[in-house]
Each structure stands twice: as structure tokens, then as C-alpha cells.
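K.L.:
predicted structure and sequence below. I'll ask about it afterward.
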Amino acid sequence: MAQGKRLSGVVKDKQSDEPIPFASVEFKLSKKGVLTDSAGKFSVDQQGVLSTDSVTVMSVGYKKLVIPVKAFKDSGFVELHIEVLPPTGEAVVKSKYNRSLWFWRKIMANKDKNNRTKWESYSYEIYNKLEMDLNNVRQDKLKNNILLKPLGFVLSYVDSAENSKPYLPVYLTETLSDYYYRRDPEKIHEVIKATRTNGLENESLIKELGGMYQNVNVYSNYIPVFTRDFISPFHTNGDNYYNFKLADTAYLSGKRLVHLRFTAKRKGESTFEGDCWVNDTSFAIQKVTMRPSPDASINFIEGLSLIQEYHLINDSTWFLYKDRFVVDIAPLGKGKLGIKGRKTTTYEHVVLNDANALDDLSKTKKVQQVDLLPNTENLNDSFWNKRRHEPLDKNEKTVYKVLDTLTKNSTYIFYRELAQTIVKGTRDVGNIRLGPWYYWISGNNWEGTRFRFDLSTNRGFHKKLYLTGYGAYGTKDGMFKGGGEAKWLFDRENWTYLKLYYRNDLDNGQVSYDQMGTDNIFGTLFRRPNIPFKFQQLEEKKIEFYKETPSGLGYGLSASSKQFTALQNLPGKEYFPSKGPNPFNTFETTLRLRYAYLERNIEDNFLRVSLGSLYPVIDFKYTKGFTKVFNSNYDYHKMDLTISHFAKVPPLGTLYYNVFAGKVIGTLPYQMLDMLPGNEMYYYNKYAFNLMHRFEYLTDQYAGVNLEHNFGPGIFKFIPLTRKLKFRQFWSAKGIVGTLTDMNKQLNYVGNYPYRSLDGKPYIELGTGVDNIFKFFRVDFVWRVAAPQPVHGELRDKFGIFGSFRFQF
């Protein structure tokens, strides 16, 4: 080999692409070698190295990599990727003195001192970068795919570096923001001052890309991984879940670092494996790498790494400098075409106990507030080149070239819009939105085949005005139905709107946005047989105003006129006394109070979906009915209260509960009382009693509870096959007690009435089952364990099997 030549490069983790510090790089025969530096880089003299020699790369916890020297011919700078060792099942040595455990306990004893939340306040600048790549791109197969041939030019951008899987960079977002934190009382403010989102215009999603909701603190007891909470190796009781092992030591900027490895004690638990470098004086973490244990129950993930790196900002304080989240998502199976996601966040200009942070936070209204400054998009390259915390690498620069090419390609645009239409159900054509498509056709024995078509405006039509409407027609009843809505959205930040609503259609039983009604092709397909249809027509006119405050308190006022017409298997108006043309006519006003502290939401067009809150959500409604308004017949009062929460209870999974109660004061027809929610489909309904039919129980006073505990693998983690299939276990319990006054019984127990009263007796359903079947499906086994005697002597199922499907990690 030539004199004076050096082999230079970097050693990286094969899955995460993270540089590996203090790895050994050595020529096998000549024995020349070095250790990589803290950034994983190395440079070793090649003088006297034979062409038959090989380079050996080794690091604790990784497979040995051996590459012939010939492979580096004419290479100026090389990237060497090494792979994590699979679990060895090695025995754990038990002794009275365990130095590794002693060292872990020293870390825990100093945990509060090294945790950034110890500071009264701090501020920093966040640079957040999210890259998406297509992984395992096989150019030969894609070139021959008829559907993808028009996109063949993109394959020239595929990166096929040696020792790594071929991938195609396809998407990149960047955000730059200022972050302010106060500990007591806790308050956080993030100001996003620059974004580069490449076509993503949804403001609520852009806010999710900042630093507020993507903060991972390795010193916390639990680490979030998608929707799951994993037990941190630095959990208060981490030694109950992890084995620890000391590996080696190294020096960084004159500070001695100790290498500590950790692995899970048991299979099937939500734990990590990995390693960390720890300062041997302050016992502060300098760098940590965590990967889910191989048997952890998480879907579609072929590889995942979470890395955090800390820098000294003074002589003794180690503060978070960078965190990376790298995941290989394989929805088609291992080794197939998949997605690689890389999120990199860096923190600079850190100021501890910052008076400016306190001043900024004193001016914000919310406890957790994210502000997106105007004109933050489409900033030029010179701005980003100057303000990025680190330059884009070759692959990240490629993303912008790929996106610029794809967004001008008609085939790509067609596929993108088709995928969005299938997933969302709607399609935007200019300023008009069509759909959802799953309402287009359905059927029942009253309407026959039902056709429906929806049209609405999008934000291109108007930023604040939303118009929507639909029309439907039944081939059997020959009747046209429909409805419409006009909404003026005053404020998106503190959700405030005024809307006018009209509807004249069948009552399809849907009360929640994620609940399946009968006006749906899936509702038709999944309906259980031998259950009589019960239909009524509802004509409703409504005006509603709603406003949220920064504290999470929302209040609303509405007024509505409703007119019901019984159609099938329900008592008609001829059985009810009335001074007007229709006894099923009512006018009511409603006051609504809702408190959702620190709730997160995602918007789509003029609709909003809750991502939940760390705290219970309280919803109270008071309704007053008036006589002689728009021919209304009844004067009454109604009160309804719900307290619901989806709580993470690691390591025991998640717990959903809903406690509810209500009361009606007045003598009213059944439509205006409280009809308990039943389910007449094979598709499981989390909000309803699944063995109860619609219109089976009528109350004017009730109280109940709905519980569901999903505890992950449960007993399935002890069975090799079900552990491999990643089955998950849950249980549910739903119960209610209610009464119906004698006056309301006398009024409503007429004709062919199908309902009855609970008469103060409990109705209870208990369930369990198997979740995550083939990663999408769930089967519920439900028992009716308590219920009053059936009316008219009919029998009701005491046991049922229900199915559902969803996408979940």
C-alpha cells in the first residue's frame, strides 16, 4: 500500500446510524489500531499494511465486523456499520457484592441532582429534524412494477452504501423554536420561529413537530415509545426489571466515563436493552442508547433506537445536547419494503435559572402553550444554512431533490391523493371536499338500499367559514333525506365557533365521531341477524355557540327544535296525547360546561379530534325544555354528567374509565328520556352495552361506569407462541343502574313498545378477549351477568363474541 496513507472514517450503528464512541478499529494482521473518538470517528495509519489484511471493528454489545482491506481501495472516508448482538441468554452471576449494581445505585442516588427538572427555570433553542425514508428498496423489483414504472426516475436517488440496507430518502421536516420552562408551578412555552414542512400545512400537526410533545427524559421512570410507556433503566425500581453489567472506561475532555450495559430480566415486558456512558464523579449520564427488548410487544417495528447525548455546559452540569429517535417500520414484514424514520433534536443556547424565561412565561395564558409565529414557512436556504444547529448530510440534502421532483410528477400526485382518500375517506377537489366514501351506500329493511353523498368546503374556500351538507335516498321508502351545517370558526387556538345545523333523516344511533352508526356500509355488513330494526325520523334545527378558555374550561349554549316520527317497531304519535299536531315535538336549550386540562387536539379542516389529556375530562350538560315554542309540547329539565379518562398505568398498561350519571325532571315521550346505548352489530362498541339492543332500556334517572383495562401481553407473555404473535390481553366491565317514574311508565308503556325500565336493578356486562391478532384485530367475549327480567317473555343473549380492528403500535 502507498506510504503515508491513512484509513479514516466513522463507525455507526447499523440500525440507527448513530456514531459509536470508543469502538476498536484494527488491522487484523499488522495489529495497527485505534479507538474511535466520542463522535465515532477514527483515523489509522495504513503504512506497511498488506493488501491481504482485513479491518476488524469491535465494540461491546455489537457483532464483530471484518472487512478486507481491498474493499477500501481509493476510499477517502468510509462508514462502517456494525450490528447489535442478539440476546445471548447468558447467566446472571449472583454475589453478595455486585459492582455493576453498586454503580447503578450511585446513578440513582444522584438522579435528582442531574435531572434537568431540578432547575427553577431554563431556556434553550431547539432544532428539530424529522426524516422519512423508504427502507429495503429493491430497485430490480420496483423497476418491473407496472404501477411504479412512471416513478422509476426516483430510484436513481437510492442509497446503497455497503453494510447498510438500500433506502430512498423521501421526506424531511425542520423546525426551529425557543423553549422556556418553569418548575414551580410548572409552565412551558414554545415559540416556533421557523418551519420547513414541505407541503404540510396543518398548523396543529406542525405544533406537534416542535419540542413540547416530543421531550424524552431518560431520568424519568417511564419512556414513551409511540403510544406505549416503557420502563426506564433508571426507574426508581429499575433493578427489578434490568440486569446491569460494567463494560469499560474512556476519557472525554478530561472526564472519566464508565460504560454500563443493561438488559431485561424477563421476556415480554416493556423494557429496553442498551448501554450508557456515565461520568464517574457526578454519576451523570453522558450518552445513553436504548432499544426495546426483542420480546417487547410492539407492532411493525423491525428496529428502534432511542439515543440521548449530554454535554457539559459548565464545570459540573451535564445538560441534554441531542436526542435521536430512529425506527424501522416494516408493515409488510421483516426484510420487505418499509419506512425508516429519523428524528433528531438538538438543544443550544442553554440558560439555567433564566430570568428571561420567567418573564416570557409570566405573559402566557396556558400552562403548556405552543405558538407558531406568522411567516415562518418558505424561509430561504441561506437562513437555514446559518441557523441549523448542524448541517444537512448527503441523504438529507437528497430529500429536497426528491421532493422537488415528485411534487411535479402527476403519477405521484395521483397515488398520494388516492391513499389520502382511502385512509381519510374524503377527497379535496379545489375548495370542495367530497365524501366520506363509506357513507355512499348502505342498506336496511326500511329504506332498502340507501345512497348518500356529502359535500363540504375546505380552508381554501374560506379560513373561518365552513359549509357542509348531504343528501340521501332510500330505494324502498322512496324518500329523500339530508342535512346541512354552517359554522363560523372565530378562534382555532381557543376553539370558538358558532354554527347553524339542520337535519331531516333517520336516527342512525351514532353519538360519537368514532362510533359506527347504521348509516355506513360497514354498519350494514356487520349487523347481527334476527334483531328487529327500530327506526324513527328526526327533523332537527339547531344553533350552537361554543368557546374554550386557555385554562381548558369550555362552555357552550345551544337551542334546538326536534320533531320525531316513529317509523318501525316503535310506538307512534297516536298513543300519546298532544295539544299540537305532533306529540313528539320539543324545543330545548342546553348549557354545556367542559373541563379538559392540558388536552391535546389535532384539527382536520374545521373538525377537531382529541388526543386526550393526562387528566380526567369532565363534561356537564343542563337542558331546559320549553312548551309553546315552535309547537313544542313539554316543559322539563335534564342534567347529564360524565367524567372520563384514558390513563397510562405503566407497567400495567392503560386504563380507560367513564363514570356517568343523569336525571330527567318531567313526564316525556321516550325520545326525550334517556335511552341506554345498545349495540346491534358484531362490531364491538366501546361506548355501548354490546349485549343490549337499541331501545331496550328507558330511564329518567341513571348512574353507571365503563371500564377497560388493557395490560399488554398479560398471560400471553408466558406462552412462547402467543408471545411471538404479540397477543395482548384486556378486560372490561360496564354497569348501570336506573329507574323510570310511574308517570313516565304510564305515558310510554303503550302500543308495541320494545323498552322497559331497570327499576333500580343493575345491568352489568363483563368482557375479556384477545387483542392484536395479526396486529390489527381484536376479539371480545362479553357476558351479561346481571339484568332485569325480559319484557313480554322474550329471551336475550347472555353471551356474545364481537370483533373490531384498528391500527396500533
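P.N.:
It's in.

K.L.:
residues contacting the residue lying closest to Phe781 once chain neighbours are set aside?
P.N.:
Using CB to CB, 6 or more residues apart in numbering and skipping residues adjacent in sequence, the residue nearest Phe781 is Gly769, 5.1 Å away. Just so you know, the C-beta spots here come from the backbone N, C-alpha and C atoms, and that holds for glycine as well. Contacts for Gly769 were tallied using CB atoms under 8 Å, 6 or more residues apart in numbering; they are Phe730, Arg778, Val779, Asp780, Phe781.

K.L.:
I figured the last one hits Glu765, correct?
P.N.:
Read that as Phe781. No - Phe781 is beyond contact range of Glu765, at 10.8 Å (criterion: CB atoms under 8 Å).

K.L.:
more neighbours: which of those two?
P.N.:
A count of neighbours by other CB atoms under 10 Å puts Glu765 above the other of Phe781 and Glu765, at 23 against 14.

K.L.:
residues in contact with the closest residue to Phe584 other than its chain neighbours?
P.N.:
Excluding the flanking residues, the one nearest Phe584 by CB to CB, 6+ apart is Phe564, at 3.8 Å. Each residue near Phe564 by CB under 8 Å, 6+ apart is listed here: Asp507, Gln536, Gln537, Leu538, Asn582, Phe584, Asn585, Pro669, Gln671.

K.L.:
three-state assignment of the last one?
P.N.:
Read it as Gln671. Three-state assignment for Gln671 (DSSP: H, G, I helix; E, B strand; the rest coil): helix.

K.L.:
re the thing from before, what helix or strand does the residue nearest to Phe584 sit in?
P.N.:
Using DSSP states H and E, Phe564 sits within strand 553-568.

K.L.:
what does Thr468 give?
P.N.:
Counting by DSSP H and E, Thr468 is found in strand 465-474.

K.L.:
now the angle between strand 465-474 and the helix or strand following that strand, please.
P.N.:
Counting by DSSP H and E, the element after strand 465-474 in chain order, helix or strand, is strand 480-491. Strand 480-491 runs at 160 degrees relative to strand 465-474, counting by axes from the mean of the first three to the mean of the last three CA atoms, to 10 degrees.

K.L.:
can you list the strands that strand 480-491 pairs with?
P.N.:
Partner strands for strand 480-491, per DSSP bridges, with pairing direction: strand 465-474 (antiparallel), strand 496-506 (antiparallel).

K.L.:
about what we covered before: which parts of the one helix or strand the residue nearest to Phe781 maps to are buried?
P.N.:
Assigning secondary structure by DSSP H and E places Gly769 in strand 762-773. Neighbour-count burial for strand 762-773, counted by 16 or more other CB atoms under 10 Å, picks out Tyr763, Ile764, Glu765, Leu766, Gly767, Thr768, Gly769, Val770, Asp771, Asn772, Ile773.

K.L.:
how about stretch 725-736?
P.N.:
For stretch 725-736, by 16+ other CB under 10 Å, it's Leu725, Lys726, Phe727, Arg728, Gln729, Phe730, Ser732, Ala733, Lys734, Gly735, Ile736.

K.L.:
likewise for stretch 379-387?
P.N.:
Neighbour-count burial for stretch 379-387 [16+ other CB under 10 Å]: Leu379, Trp384.

K.L.:
excluding chain neighbours, what is closest to the residue nearest to the spatial centre of the chain?
P.N.:
Closest residue to the average C-alpha location of the chain: Thr227 at 5.7 Å, with CA atoms, centre = their mean. The shortest distance from Thr227 to any residue other than its chain neighbours is 5.9 Å, reached at Phe809 (CB to CB, 6+ apart).

K.L.:
what about that neighbour, how many residues nearby?
P.N.:
Counted with other CB under 10 Å, Phe809 comes out at 15.

K.L.:
and for Thr281?
P.N.:
10.

K.L.:
do I have it right that it meets Arg256?
P.N.:
Yes - Thr281 is within contact range of Arg256, at 7.4 Å (criterion: CB under 8 Å).
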